[in-house]
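# could you look at this predicted model? Sequence included:
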Amino acid sequence: MSSDATSRYHHGQIVYVKVTGHDGKSKDRTVLIISSDRECARGDSLLVLGISSKPKPHRPYYHVLVHDSDTLDPRTGLDRPSWVLCNFWDDIDQDRIRRPVGTLPDELLKDVLDAFDLIWADEDFPDWPPKP
């Protein structure tokens with residue numbers, strides 16, 4: 001996906017955002033922007049999906065593997081095994097973005113969006129995390 005010339009951020013981009021944990025401490029978290037390029041360019045809040053590098057023995061189909069090694073992928077900027085958590089979404093203001101990391105290749109972005117669309121359309125999907 002191409003970036004709009006007037007926008008700092010774009011659809012499919014991986015960025016660090018500032019989040020505040022339940023303990024009140026701030027930290028940076030890696031997320032994937034799934035808002036459209038138009039929404040990014042307008043300065044709208046952005047729909048993002050969380051990215052995790054924590055290994056788990058079994059991951060559901062809606063946790064999409066986007067990097068599978070400890071070697072830096074220059075396209076994505078990821079340097080360890082990482083999964084996009086399609087059930088972990090948030091709307092964020094663009095001023096919470098700390099810095100860009102990379103961009104997800106189109107074929108992986110399609111896999112992520114397919115999984116997200118599938119669970120988003122399921123009215124009975126049971127695994128949405130609680131919102132604060």
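Happy to help now that I have it.
# list the contacts for the nearest residue to residue 72 once chain neighbours are set aside?
In space, and not counting its chain neighbours, residue 72 is closest to residue 79: 4.3 Å by CB to CB, 6 or more residues apart in numbering. The way it works is simple: take the backbone N, C-alpha and C, and place the C-beta from them, glycine included. Counting by CB atoms under 8 Å, 6 or more residues apart in numbering, residue 79 makes contact with 67, 70-73.
# from residue 69, how far out is residue 79?
Distance of residue 79 to residue 69, computed by CB to CB, to the nearest Å: 9 Å.
# surely the residue nearest to residue 72 is within a helix?
No - if the criterion is DSSP: H, G, I helix; E, B strand; the rest coil, then residue 79 is coil and not within a helix.
# follow-up on the earlier one: please produce a ChimeraX select command covering the buried subset of the contacts of residue 79.
Listed next is the ChimeraX selection for buried residues among those, using 16 or more other CB atoms under 10 Å:
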select :67,73
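# let me have the contacts of residue 79 in JSON lines, extended by distance to residue 27, pLDDT and secondary structure.
Compiled in JSON lines, the contacts of residue 79 are given as follows (distance: CB to CB, whole Å; pLDDT from 0 to 100; DSSP: H, G, I helix; E, B strand; the rest coil):
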{"residue": "67", "distance to residue 27": "20", "pLDDT": "96", "secondary structure": "strand"}
{"residue": "70", "distance to residue 27": "21", "pLDDT": "96", "secondary structure": "coil"}
{"residue": "71", "distance to residue 27": "24", "pLDDT": "97", "secondary structure": "coil"}
{"residue": "72", "distance to residue 27": "21", "pLDDT": "97", "secondary structure": "coil"}
{"residue": "73", "distance to residue 27": "23", "pLDDT": "97", "secondary structure": "coil"}
